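Asker: Sequence and predicted structure, then a few things I'm wondering about:
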There are 2 protein chains.
Amino acid sequence: MIYAQVHLTLPAWASTDIDPLARFDNDEARMRFVAGLARKNVELGTGGPFGAAIFDGDGRLVSIGVNRVMPQNCSLAHAEIMAFLTAQQRLQRFRLNEDGQRYVLVTSAQPCCQCYGASFWAGIDEMQIGARAEDVMSLTEFDEGPLPADWIGELEKRGVAVKRDILRDECRDVLAFYSASGGASY
Amino acid sequence: MIYAQVHLTLPAWASTDIDPLARFDNDEARMRFVAGLARKNVELGTGGPFGAAIFDGDGRLVSIGVNRVMPQNCSLAHAEIMAFLTAQQRLQRFRLNEDGQRYVLVTSAQPCCQCYGASFWAGIDEMQIGARAEDVMSLTEFDEGPLPADWIGELEKRGVAVKRDILRDECRDVLAFYSASGGASY
């Protein structure tokens, strides 16, 4: 049999516990929300210690994502990918910013090679990052994979601004919490 | 409303026109099959000019993928990603080769930065490529995105062998056919 369909889901708490009308005034408030998604995902055992969200130019929430690799048996289901997929599904277009508005990906940790690559096609104008790749690799067993030497420059060349170290310590804390609670490696 | 679910599908012809028990004796036969998927996708207007498939160590078909970006409003839905998603769904594991068997991704064109990154986590042992990145970029308007300088070496370091230029001309022909038939850019 050819498997011709795939159905990916966020945890049930994404629908029941997240205020879809939430608005955030600044980068730190948005990152705090995203770090909270990552922590909740670990606490409730619904996936790995990573959270992400897409915000529009007015700071309104468009979509959220958390790591769902193990529960969904899917190596694609990283937090950033889940946020891209659900944002595009919601807006019904494959490039988010094709409407001329500005979209920001906020992610609790630096994207791995897969999510980095996906960020070129999703239609975002900015990527805001909490923990660094070296935090992920020192605090957990996750691998970040290979990136172009000037990975930030490559994004900027194509119109995606990059901002790092937003609440880096809080985002590192989630990774440490995951490892301390004996999390599996994916 | 938080969008908490995504449903991605291959075209209807994937279920009706593909023999799921197909077996192929050699690399060229497998690539010919994959180039055929890409061409059919263009002919039937079900997506972009790219095809991919996963085969197991015995040359048996595990999954197929074609580009579904425009019909599904999804920048993730490249041929290789669709093949990874459906293979993992079928085998119910997020690393295909965790069973100790050997899995090969066959793709009609060199993976873009997104699919390249995804190839590190999907659990494949080999990547077989038809057309080169420069073919894609000279014959169509698709962008391949940035890769690490030694992109093949990075895959090989992590246990993914790379074989290029398999039926390169036939795969180039599909790209040229797409452009000649006035295909949209994604």
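Answerer: Nice, I can see it.
Asker: Please give the number of neighbouring residues around A:Asp19.
Answerer: 9 (other Cβ atoms under 10 Å in any protein chain shown). Using the backbone N, CA and C atoms, a C-beta is placed for each residue, glycine as well.
Asker: I meant A:Met70, not that one.
Answerer: 18.
Asker: before we move on, could you check phi and psi at it?
Answerer: Main-chain torsions, A:Met70, degrees, to the nearest 10: phi -70, psi -50.
Asker: Quick one, grab the pLDDT at it.
Answerer: Predicted confidence (pLDDT) for A:Met70: 97.
Asker: which parts of the longest helix anywhere in chain A are buried?
Answerer: For chain A, the longest helix by residue count, based on DSSP state H, is helix A:27-43. For helix A:27-43, a neighbour-count test (16 or more other Cβ atoms under 10 Å in any protein chain shown) marks A:27, A:30-35, A:37-42 as buried.
Asker: for stretch A:149-166, same thing?
Answerer: Of the residues in stretch A:149-166, A:Trp151, A:Ile152, A:Glu154, A:Leu155, A:Val160, A:Val162, A:Ile166 count as buried by neighbour count, 16+ other Cβ under 10 Å.
Asker: and the two most separated of those residues?
Answerer: Greatest spacing in those, by Cβ to Cβ: A:Glu154 and A:Ile166 (20.4 Å).
Asker: where does the residue nearest to A:Ala38 when sequence neighbours are not counted fall, phi/psi-wise?
Answerer: For A:Ala38, ignoring the flanking residues on the chain, the nearest one in space by Cβ to Cβ, 6 or more residues apart in numbering or on different chains is A:Gly51 at 3.5 Å. Main-chain torsions, A:Gly51, degrees, to the nearest 10: phi -130, psi 150.
Asker: Dig out what A:Gly51 forms beta bridges with.
Answerer: Using DSSP bridges, the bridge partners assigned to A:Gly51 are A:Val66.
Asker: tell me the contacts of A:Val104?
Answerer: A:Arg30, A:Ile54, A:Phe55, A:Asp56, A:Ile124, A:Asp125, A:Glu126, A:Met127, A:Gln128 (Cβ atoms under 8 Å, 6 or more residues apart in numbering or on different chains).
Asker: partners of it in the sheet?
Answerer: In beta-bridge terms (that is, DSSP bridges), A:Val104 pairs with A:Phe55, A:Glu126.
Asker: before we move on, back to that, compile the buried residues of helix A:27-43 into CSV and extend it with columns for distance to A:Val66 and pLDDT.
Answerer: Formatted as CSV, the buried residues of helix A:27-43 follow (distance: Cβ to Cβ, whole Å; pLDDT from 0 to 100):
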residue, distance to A:Val66, pLDDT
A:Asp27, 20, 97
A:Arg30, 15, 97
A:Met31, 15, 98
A:Arg32, 15, 98
A:Phe33, 12, 98
A:Val34, 9, 98
A:Ala35, 11, 98
A:Leu37, 5, 98
A:Ala38, 7, 98
A:Arg39, 10, 98
A:Lys40, 8, 97
A:Asn41, 4, 97
A:Val42, 9, 97
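Asker: Could you dump these into CSV and include distance to B:Ile18?
Answerer: CSV is the format used below for those (distance: Cβ to Cβ, whole Å):
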residue, distance to B:Ile18
A:Asp27, 48
A:Arg30, 44
A:Met31, 45
A:Arg32, 48
A:Phe33, 44
A:Val34, 40
A:Ala35, 44
A:Leu37, 39
A:Ala38, 39
A:Arg39, 43
A:Lys40, 41
A:Asn41, 36
A:Val42, 40
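Asker: of all those residues, which comes closest to A:Leu85?
Answerer: Nearest to A:Leu85 among these is A:Leu37, at 15.3 Å by Cβ to Cβ.
Asker: so how many other residues sit close to the residue lying closest to that closest one once chain neighbours are set aside?
Answerer: Nearest non-adjacent residue to A:Leu37, counting by Cβ to Cβ, 6+ apart: A:Gly51, 3.2 Å away. When counting by other Cβ under 10 Å, one arrives at 32 neighbours for A:Gly51.
Asker: One more: A:Gln5?
Answerer: Using other Cβ under 10 Å, A:Gln5 has 14 other residues around it.
Asker: Kindly report the same for A:Gln101.
Answerer: A:Gln101: 14 neighbours (other Cβ under 10 Å).
Asker: Excluding chain neighbours, what is closest to it?
Answerer: A:Gly57 is the one closest to A:Gln101 (Cβ to Cβ, 6+ apart), at 5.1 Å.
Asker: Give me the distance between that neighbour and B:Ala87.
Answerer: According to Cβ to Cβ, to the nearest Å, A:Gly57 and B:Ala87 sit 38 Å apart.
Asker: ok, now A:Glu28?
Answerer: Using Cβ to Cβ, we find A:Glu28 at a distance of 40 Å from B:Ala87.
Asker: show me what contacts the residue nearest to A:Gln101?
Answerer: Contacts of A:Gly57 (Cβ under 8 Å, 6+ apart): A:Gln101, A:Arg102, A:Tyr103.
Asker: With A:Gln5 instead?
Answerer: B:His7, B:Leu8, B:Thr9, B:Leu10, B:Thr86.
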